[in-house]
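S.K.: structure here, sequence nowhere to be found:
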């Protein structure tokens with residue numbers, strides 16, 4: 001016997017589109033009990049557009065018009081440096097510390113500015129600040145943006161939000177930008193080809209040479225290379241004066257550390273006597289020259 005009753009189809013619980021179509025069909029037939037209030041229909045429309053959290057959503061992705069791609073999104077704004085977590089409850093970045101960095105350690109990224117010197121000055125300031133339970137790198141990460149200006153701060157802002165999360169990562173990116181390999185090679189060449197100028201005394205040559213070394217990476221030259229480059233760049237007269245003061249030969253009589261201290265002492269003495277001559281009246285020039293010679297001879301006897 002054939003069952004003439006019409007089978008009632010079963011639909012998925014979340015297939016709102018099919019449910020709405022059937023509801024409209026039932027309302028069109030004016031079947032009692034199948035009418036749907038306008039509020040229920042609107043509620044179903046809202047659920048289909050905004051499904052509840054955690055529920056399955058089989059509907060296609062919501063349409064997005066072209067203009068929406070130009071809208072600003074607040075989630076993309078903020079510092080490129082991730083703010084570190086601080087366990088100390090009393091931690092505070094004081095305005096006086098920020099002002100100290102801005103007034104004494106400012107780097108703009110210009111071609112004549114020294115990124116090595118900037119980092120040295122910045123770290124020296126950060127080393128003066130210590131707090132219990134606060135890692136030193138936290139101060140460095142939070143303070144470093146305040147030490148930049150002009151092109152340098154614009155460069156820092158080009159990185160995505162919170163993409164820099166360690167101090168080592170920040171330093172690596174900073175040196176790669178403002179201390180490229182071409183600049184390092186040029187500085188290395190300047191040190192290796194250093195030459196004392198004709199009108200330059202030992203003190204001036206030594207200070208200029210040390211200024212070149214400070215611009216180079218610390219591991220570029222050994223201590224022996226530094227002294228050897230300087231000695232070979234001196235004039236023959238300056239080499240003879242150093243050898244004589246060293247007791248015959250700077251190369252044979254002094255170790256690396258002793259030679260460096262010895263050159264410092266001779267250069268500083270020369271600087272001292274040069275300023276002493278400038279302060280004294282011209283009529284005492286002959287007396288001062290004799291005193292200078294006697295002092296050098298006395299120092300030479302003491303060293304021997």
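M.R.: That came through, no problem. This is a predicted model, so every value here is computed, not measured.
S.K.: going forward, measure contacts between C-alpha atoms and count neighbours the same way
M.R.: Will do.
S.K.: low-confidence stretches in the stretch 51-200 of the chain?
M.R.: 51-60, 76 (pLDDT under 70).
S.K.: please enumerate the helices of it.
M.R.: Counting by DSSP state H, counting those that start in this stretch, residue ranges of the helices within the stretch 51-200 of the chain are 95-104, 115-126, 136-143, 150-156, 167-178, 181-192.
S.K.: next, the buried residues of the second one.
M.R.: Judged by neighbour count (16 or more other Cα atoms under 10 Å), helix 115-126 contains these buried residues: 115-116, 118-119, 122, 125-126.
S.K.: for the first one, same thing?
M.R.: By 16+ other Cα under 10 Å, the buried positions in helix 95-104 come out as 98, 101-102.
S.K.: which one among those residues gets closest to residue 270?
M.R.: Each of the buried residues of helix 95-104 was scored against residue 270 by Cα to Cα, and residue 101 proved nearest at 35.9 Å.
S.K.: so what's residue 159 up against?
M.R.: Neighbour list for residue 159: residue 80 [criterion: Cα atoms under 8 Å, 6 or more residues apart in numbering].
S.K.: so how far is residue 225 from it?
M.R.: 39 Å (Cα to Cα, to the nearest Å).
S.K.: where's the closest residue to residue 138 other than its chain neighbours relative to residue 200, distance?
M.R.: Nearest in space to residue 138, with sequence neighbours left out and distances taken as Cα to Cα, 6 or more residues apart in numbering, is residue 84 at 6.4 Å. For residue 84, the distance to residue 200 under the criterion Cα to Cα works out to 51 Å.
S.K.: check residue 192 too.
M.R.: Per Cα to Cα, residue 192 is found 18 Å from residue 200.
S.K.: between those two, which one's more packed in?
M.R.: When residue 192 and residue 200 are compared on other Cα atoms under 10 Å, the one with more neighbours turns out to be residue 192, at 16 against 13.
S.K.: around the residue nearest to that one when sequence neighbours are not counted, how many other residues sit close by?
M.R.: Closest residue to residue 192 apart from its sequence neighbours, by Cα to Cα, 6+ apart: residue 229 at 5.9 Å. Other residues within reach of residue 229, judged by other Cα under 10 Å, total 17.
S.K.: same check on residue 193?
M.R.: When counting by other Cα under 10 Å, one arrives at 12 neighbours for residue 193.
S.K.: ok so, going back, pretty sure the residue nearest to residue 138 sits against residue 139.
M.R.: No: contact between residue 84 and residue 139 fails when scored by Cα atoms under 8 Å: they sit 9.6 Å apart.
S.K.: who's more crowded, the two?
M.R.: Neighbours per residue, other Cα under 10 Å: of residue 84 and residue 139, the larger number sits with residue 139, 20 against 14.
S.K.: can I assume the more buried one is in contact with residue 128?
M.R.: No: taking Cα under 8 Å as the contact criterion, residue 139 and residue 128 are not neighbours in contact, 10.6 Å apart.
S.K.: phi and psi next, for residue 194.
M.R.: When quoted as degrees, to the nearest 10, the phi and psi of residue 194 stand at phi -60, psi 140.
S.K.: mind checking how far it is from residue 147?
M.R.: 32 Å.
S.K.: and for the residue nearest to residue 163 when sequence neighbours are not counted, the neighbour number?
M.R.: With Cα to Cα, 6+ apart as the measure, residue 80 is the residue that lies nearest to residue 163, at 5.6 Å, once sequence neighbours are left out. The criterion is other Cα under 10 Å. On that basis, residue 80 has 17 neighbouring residues.
S.K.: what sits against residue 80?
M.R.: Per Cα under 8 Å, 6+ apart, neighbours of residue 80: 156-164.
S.K.: repeat the analysis, applying 7 Å as the threshold.
M.R.: Contacts of residue 80 were listed using Cα atoms under 7 Å, 6 or more residues apart in numbering, and they are 156-157, 159-164.
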